[in-house]
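In: Pasting the sequence and the predicted coordinates here, then a few questions.
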Amino acid sequence: MDHPTIFSITESELDLNDLLAQITLPATGAACFFSGVVRGVTARGEPHQTLHLEYEAYVPMAEAKMKQVADEIRQRWPDVEGIAIVQRVGTLMPGTPTVLIGCTAAHRDTGVFEAARYGIDRLKEIVPIWKKEVSPAGEQWIEGDYVPKPGE
Amino acid sequence: MNKVKILFFATLKDRTGTRESHLEISAGTTVSELKDLLLQRFPELPKSKASLLVAINKEYAFDQEEIPQGAEIALFPPVSGG
């Protein structure tokens, strides 16, 4: 059976149940999802409030790199069946889910937890998406710190 | 000559006030040479390598690479999605 791989950038509300259904196969017995959420109150580092985040993506490259992340997951965890990687862009308010990374497999001891973790970590390294934080003090682009190497 | 399209994203789009630009470069121009050209034209761009990533035709590109004909080039800071 074909293993579904879903990757997209969307301006629409993320639908967890729909995405789960899309990566659930007859043999699926475990699904692990990670979701990022717009944090309104930050305690770690410099404590501050966030009014909203504005996300932007270089869509065709972002979708190609999401596919690459999914391929890397399949190489590392061959028992993973379905993979979904979806990033919401636009203006997102605190409490709003921003990204969903889902992996399914027959059982929970197949690497689905690690695979979803890898998916979000890798998305934050190589998928061209950026966010601008708007706080009571003003607005600022958040810049990552990962510089891709040849072949990435 | 090689006509290329340059796209700017995130803070680089804001700093240069430019979303898209077109440029004629000579055949065989490398990524490193292109960066120098762009820094002259857009002095607001960051000089630090770690803050200026380059993609050619939707793949990350590196200093010694030659720019293919009609390339779509994107300039952006390290990514911050999620």
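Out: Ah, there it is.
In: near chain A, which residues of chain B?
Out: Neighbours of chain A within chain B, by CB under 8 Å from any CB of the partner chain: B:7, B:9-11, B:14, B:49-51, B:53, B:55, B:58-60, B:62, B:74, B:76-82. Using the backbone N, CA and C atoms, a C-beta is placed for each residue, glycine as well.
In: what secondary structure does B:Leu39 sit in?
Out: helix (DSSP: H, G, I helix; E, B strand; the rest coil).
In: okay but it is in contact with B:Pro46, surely?
Out: No - in this structure B:Leu39 lies outside contact range of B:Pro46 using CB atoms under 8 Å: 9.1 Å.
In: Would you mind listing what in chain A touches chain B?
Out: A:36, A:55-58, A:60-62, A:64, A:87, A:98-99, A:120, A:123-132, A:141-148, A:150, A:152.
In: In strands, which of these fall?
Out: A:36, A:55-57, A:87, A:98-99, A:129-132, A:141-142 (DSSP state E).
In: still on that earlier bit, drop anything exposed from the residues of chain A next to chain B.
Out: Listed as buried from the residues of chain A next to chain B are A:36, A:55-58, A:61-62, A:64, A:87, A:98-99, A:120, A:123-132, A:141-144, A:146, A:148; burial here means 16 or more other CB atoms under 10 Å in any protein chain shown.
In: Type out the ChimeraX command that picks the buried ones from the residues of chain B next to chain A.
Out: Per 16+ other CB under 10 Å, the buried members of the residues of chain B next to chain A correspond to this ChimeraX selection:
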select /B:7,9,10,11,51,53,55,59,60,74,76,77,78,79,80,81,82
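In: Out of the residues of chain B next to chain A, which sit inside helices?
Out: Counting by DSSP state H, these place B:Ala10, B:Thr11, B:Asp14 in helices.
In: And the pLDDT at the first one?
Out: The model reports B:Ala10 with a pLDDT of 97.
In: for the last one, same thing?
Out: For B:Asp14, the model assigns a pLDDT of 96.
In: What residues does the nearest residue to it once chain neighbours are set aside make contact with?
Out: Closest residue in space to B:Asp14, ignoring its immediate chain neighbours: A:Trp141 at 7.2 Å, by CB to CB, 6 or more residues apart in numbering or on different chains. With contact taken as CB atoms under 8 Å, 6 or more residues apart in numbering or on different chains, A:Trp141 is in contact with A:Trp130, A:Lys131, A:Lys132, A:Glu133, B:Ala10, B:Thr11, B:Asp14, B:Pro77, B:Ser80.
In: Closest one of the residues you listed to B:Pro68?
Out: Comparing those against B:Pro68 with CB to CB places B:Pro77 closest, at 23.8 Å.
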